[in-house]
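Novice: Give me the fold of what follows.
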Amino acid sequence: MVNNITAERLAGKIDADEQFALIDVRPEESFAAWHVRDAENVPYDPDEGLSEDQQNEVNALVDDRPVVAICGKGLTSTPFAFELQDRGYDDVTVVTGGMEAWSKLYETVPIETSGDDLVVRQVQRRAKGCLGYVVGSKEAGEAVVVDATRQTDQFKVAAQNAGLSIARVFDTHVHADHISGGPALADEVGVSYHLSDVASERGVEYEYEPLSDGDVIDVGDVEIEALHTPGHTSEMMNFLVDGKLLLTGDTLFVDSVGRTELQFGEDDASRGADLLYDSLHETIFELPADTTILPGHLTVTSDGRYENGSPGDPLESRLGTLRDELDLLGLDREAFVERLTEDAPEKPPNYETVIAINTGKETVDDESEATELELGPNNCAA
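Specialist: Presented below is the predicted three-dimensional model:
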């Protein structure tokens with residue numbers, strides 16, 4: 001019998017270390033670019049069926065374990081599963097929605113705060129490593145959302161479960177790896193959408209209320225200060241919450257810093273690296289060492305593993321710890337710029353189209369097209 005499970009259930013099985021054979025039937029190049037942790041690749045064409053060599057490969061992979069099959073959208077893994085059933089496998093399951101559903105899997109994680117009023121929720125998009133935030137005041141019953149992804153319901157539910165209503169929506173910058181849900185979320189709940197005032201230089205066509213360096217937004221008694229930190233992009237804003245937590249967007253991660261050539265280009269990446277060096281040394285490093293750093297991304301490898309931490313656990317660090325442990329942060333300006341510009345990682349897929357959508361120059365109305373544009377982990381770190 002062929003069964004079906006959701007992406008959420010698959011994540012639960014992986015996290016619980018259940019024993020099963022996860023077989024990804026997409027083409028080899030799609031699998032190599034991005035796949036679920038511990039998956040094995042057996043490319044499958046329903047018109048051709050399993051060859052003898054593929055059957056032997058499947059036999060070796062399964063080793064008397066249950067089989068879970070996954071593909072791009074669940075369309076190819078289903079006939080694969082039925083063929084396995086016809087060949088005598090009696091425990092075969094298909095992941096409904098495939099990698100498309102996997103790309104929309106989220107966990108909402110409470111961030112520990114020092115006071116009773118401040119509420120922070122980290123919304124983790126597992127497959128892409130995107131991190132958004134709900135930051136609010138328990139007493140006021142209101143919150144801001146920072147860096148919402150296009151699955152906006154995830155942020156509505158996170159706020160609602162924390163007993164908060166969404167009062168404003170911020171984006172730290174014009175994202176290059178995923179389609180922002182900020183404008184849509186603000187429109188859906190009828191509140192203001194904010195970007196840096198420098199975003200005007202990038203030709204953003206969405207309506208937004210500009211934030212300038214040093215502006216303070218109050219949510220009840222919670223103070224959120226906007227800090228202009230250019231480098232990854234020219235308009236990048238960090239948000240300092242009650243002087244204790246810093247939402248760094250793509251400026252500073254727990255394992256690296258933001259790359260600079262996605263906006264500035266290969267020829268001008270050094271200018272972005274110069275700006276980033278100044279943002280780190282003249283703005284962020286001026287904060288106390290015990291400031292909690294809450295980044296906009298975590299690193300997810302092409303084989304679906306978290307480089308730091310685990311899904312469902314808080315992804316954060318102390319500023320002082322990062323300064324001590326990240327060698328990039330100890331380099332002088334010349335060495336820092338050279339490191340960021342000499343060996344840039346592979347760019348996020350479709351990043352130019354994603355930037356065009358996030359500035360309002362292009363639109364995408366089809367869900368499948370939007371999902372295709374976002375497939376794969378983020379590549380925003382240097």
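Novice: which is the next helix or strand following the longest helix seen in the chain?
Specialist: In the chain, taking DSSP state H as the definition, the longest helix is helix 269-282. Where DSSP states H and E defines the elements, the next helix or strand beyond helix 269-282 is strand 292-295.
Novice: Can you give me the buried ones in the longest helix of the chain?
Specialist: Of the residues in helix 269-282, 269-277, 279-280 count as buried by neighbour count, 16 or more other CB atoms under 10 Å. Where C-beta positions appear, they are placed from N, C-alpha and C, glycine not excepted.
Novice: ok, residues contacting it?
Specialist: With contact meaning CB atoms under 8 Å, 6 or more residues apart in numbering, helix 269-282 is reached by 228-234, 236, 251-252, 257-261, 263-264, 329, 333, 336-337, 340-341, 344.
Novice: Any chance of a ChimeraX selection covering the buried ones in the residues you listed?
Specialist: Selection of buried members from the contacts of helix 269-282 for ChimeraX, criterion 16+ other CB under 10 Å:
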select :228,229,230,231,232,233,234,236,251,252,257,258,259,260,261,263,264,329,336,337,340,341
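Novice: Next step: the contacts of helix 269-282 restricted to strands.
Specialist: The members of the contacts of helix 269-282 that map onto strands under DSSP state E are residue 228.
Novice: Which residue ranges make up each domain of this protein?
Specialist: Residue ranges for the domains of the chain, per automatic domain parsing: 2-102, 106-374.
Novice: Most tightly packed of the ones you listed?
Specialist: domain 106-374 (a mean of 19; mean count of other CB atoms under 10 Å).
Novice: got the end-to-end distance for that one?
Specialist: Domain 106-374 has an end-to-end distance of 15 Å (CA to CA, to the nearest Å).
Novice: What of stretch 336-347?
Specialist: End-to-end for stretch 336-347, by CA to CA: 20 Å.
Novice: Can you tell me which residue is spatially central in this structure?
Specialist: residue 130 (1.3 Å; CA atoms, centre = their mean).
Novice: Dig out what the residue nearest to residue 62 when sequence neighbours are not counted forms beta bridges with.
Specialist: Take residue 62 and drop its neighbours on the chain: the residue closest to it by CB to CB, 6 or more residues apart in numbering is residue 21, 4.6 Å away. Beta-bridge pairing of residue 21 under DSSP bridges involves residue 67.
Novice: what pLDDT does residue 25 get?
Specialist: Predicted confidence (pLDDT) for residue 25: 97.
Novice: got it, and residue 193?
Specialist: Per-residue pLDDT puts residue 193 at 98.
Novice: contacting residues for it?
Specialist: 168-171, 182-183, 185-187, 206-209.
Novice: isn't residue 382 right next to residue 341, touching?
Specialist: No - using CB atoms under 8 Å, residue 382 is not in contact with residue 341; the gap is 9.1 Å.
Novice: Overlap in contacts, the two.
Specialist: Counting by CB under 8 Å, 6+ apart, the shared contacts of residue 382 and residue 341 are residue 260.
Novice: all helices for the chain, in order.
Specialist: Remark: helices assigned in the chain by DSSP H are 7-15, 28-33, 52-62, 77-86, 98-102, 153-161, 182-189, 261-264, 269-282, 319-325, 333-342, 351-358, 367-374.
Novice: and of those helices, who's closest to residue 69?
Specialist: Closest approach to residue 69 among the helices of the chain is made by helix 77-86 (4.0 Å; CB to CB).
Novice: For that closest one, which helices and strands make contact with it?
Specialist: Here helix 77-86 touches strand 2-5, strand 67-70, strand 92-95, going by 3 or more CB pairs under 8 Å, 6 or more residues apart in numbering; DSSP states H and E.
Novice: how about the ones you listed in JSON lines, adding distance to residue 108?
Specialist: JSON lines is the format used below for the helices and strands packed on helix 77-86 (distance: least, CB to CB, whole Å):
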{"stretch": "strand 2-5", "distance to residue 108": "21"}
{"stretch": "strand 67-70", "distance to residue 108": "24"}
{"stretch": "strand 92-95", "distance to residue 108": "22"}
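Novice: Among these, which comes closest to residue 26?
Specialist: Nearest to residue 26 among these is strand 67-70; the distance by CB to CB comes to 8.1 Å.
Novice: quick one on the thing from earlier: just send the buried residues of helix 269-282 back as TSV, with pLDDT and distance to residue 46 too.
Specialist: Formatted as TSV, the buried residues of helix 269-282 follow (pLDDT from 0 to 100; distance: CB to CB, whole Å):
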residue	pLDDT	distance to residue 46
269	83	44
270	90	50
271	93	50
272	93	46
273	94	48
274	96	53
275	97	51
276	97	48
277	98	53
279	98	51
280	98	52
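Novice: Contacts only, for residue 298.
Specialist: Going by CB under 8 Å, 6+ apart, residue 298 touches 124, 129, 131, 253-254, 306-309, 315.
Novice: Just name the closest of those residues to residue 48, please.
Specialist: residue 129 (35.0 Å).
Novice: Against residue 194, how distant is the closest one?
Specialist: According to CB to CB, to the nearest Å, residue 129 and residue 194 sit 24 Å apart.
Novice: Next: residue 117.
Specialist: Distance, residue 117 to residue 194, using CB to CB: 22 Å.
Novice: One more: residue 277?
Specialist: When distance is defined by CB to CB, residue 277 is 26 Å away from residue 194.
Novice: And for residue 165?
Specialist: Counting by CB to CB - residue 165 and residue 194 are separated by 17 Å.
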